[in-house]
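Peer 1: Need coordinates for the below:
(one chain, ligands or ions: 1)
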Amino acid sequence: MSAGNSEFTPEFFDESSRAWMQNKKRIGESMVYRCDYLVTADRPCKNSAKMPTGISPRRCKIHINKEPKSISKNGC
Ligand SMILES: [Zn+2]
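Peer 2: As a prediction, this is how the structure comes out:
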């Protein structure tokens with residue numbers, strides 16, 4: 001808890017924790033990953049993903065079977 005190292009400022013921790021939080025979501029006392037699926041081009045899904053078990057695309061139960069790049073086709 002000593003402040004001997006000037007590189008590790010409160011701002012540094014705040015910034016890194018915010019970056020760390022970006023793809024995760026807090027549920028109660030534990031952290032879960034967020035779904036990687038993009039609802040729109042700049043808006044990822046807000047649901048919590050199933051815990052990753054060696055699978056790289058993390059998807060919630062809604063998007064688990066969705067194709068990765070389905071929004072790039074622009075098909076309405
Ligand atoms: Zn999702």
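Peer 1: name the element F12 belongs to?
Peer 2: Assigned by DSSP states H and E, F12 belongs to helix 10-21.
Peer 1: That helix - what's its average pLDDT?
Peer 2: Regarding helix 10-21, the rounded mean pLDDT is 81.
Peer 1: Please apply the same query to stretch 40-51.
Peer 2: pLDDT averaged over stretch 40-51 gives 83.
Peer 1: does any bit of that stretch sit next to the ion?
Peer 2: Yes. Stretch 40-51 is in contact with the ion by Cβ under 5 Å from the ion, via C45, N47. Backbone N, C-alpha and C define where each C-beta goes, glycine included.
Peer 1: And that stretch, what's buried?
Peer 2: Within stretch 40-51, the residues that count as buried by 16 or more other Cβ atoms under 10 Å are C45, N47, S48, A49.
Peer 1: Show me which residues of this structure sit near the ion.
Peer 2: C35, Y37, C45, N47, C60, H63.
Peer 1: tell me which element the last one falls in.
Peer 2: Following DSSP H and E, one finds H63 outside all helices and strands.
Peer 1: doesn't S48 make contact with it?
Peer 2: No. Taking contacts as Cβ atoms under 8 Å, H63 lies outside contact range of S48: 11.4 Å.
Peer 1: what is in contact with the two at once?
Peer 2: C35 (Cβ atoms under 8 Å, 6 or more residues apart in numbering).
Peer 1: ok, back up a step: following element in sequence after the helix holding F12, please.
Peer 2: Past helix 10-21, the next helix or strand by DSSP H and E is strand 24-27.
Peer 1: Which positions in the helix or strand following that next one come out as buried?
Peer 2: Sequence-wise, the next helix or strand downstream of strand 24-27 (DSSP H and E) is strand 30-33. Under the neighbour-count criterion of 16+ other Cβ under 10 Å, strand 30-33 has V32, Y33 buried.
Peer 1: Neighbouring strands - and their directions - for strand 30-33?
Peer 2: strand 24-27 (antiparallel) (DSSP bridges).
Peer 1: can you list contacts of the partner strand?
Peer 2: Against strand 24-27 from outside (Cβ under 8 Å, 6+ apart): M31, V32, Y33, R34, K46, S48.
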